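Asks: Any chance you could fold what I've pasted below:
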Amino acid sequence: MKQTKFPPGWDKERVRRVLEHYEQQSDDEAVAEDEAAYESTTYTTMEVPVELVPAVRELLAKRRVG
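Replies: From the prediction side, this is the model:
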């Protein structure tokens, strides 16, 4: 049997809680959460051509480390 690997700081219990949150969320709550994400002043959302995704990920990883 294959062992599940979680990202740093995550475990089976955290995944269970996140799934439970989204499974119990109403449609209105889900829409409100999505809309709130676009109002953030510390993050942004943008479209990136698929072929540039690896380069963008690399830049983000370097920023986190540096």
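Asks: Only C-alpha atoms from now on, for both contacts and neighbour counts.
Replies: Will do.
Asks: In terms of helix, strand or coil, where does residue 4 fall?
Replies: coil (DSSP: H, G, I helix; E, B strand; the rest coil).
Asks: In contact with it, which residues?
Replies: Residue 4 makes contact with no residue, according to CA atoms under 8 Å, 6 or more residues apart in numbering.
Asks: quick one, what contacts residue 39?
Replies: Per CA under 8 Å, 6+ apart, neighbours of residue 39: none.
Asks: Give me the three-state assignment for it.
Replies: Strictly by three-state DSSP, residue 39 counts as coil.
Asks: separation between it and residue 61?
Replies: 24 Å (CA to CA, to the nearest Å).
Asks: again with residue 23
Replies: 31 Å.
Asks: Next: residue 3.
Replies: With CA to CA as the criterion, residue 3 and residue 61 are 26 Å apart.
Asks: Same drill for the two, tell me which one is more crowded.
Replies: The neighbour count for residue 3 versus residue 61, taken as other CA atoms under 10 Å, is higher for residue 61 (11 against 5).
Asks: where does the protein have low pLDDT?
Replies: 1, 66 (pLDDT under 70).
Asks: I'd like to know how many residues surround residue 28.
Replies: Neighbour tally, residue 28, other CA under 10 Å: 9.
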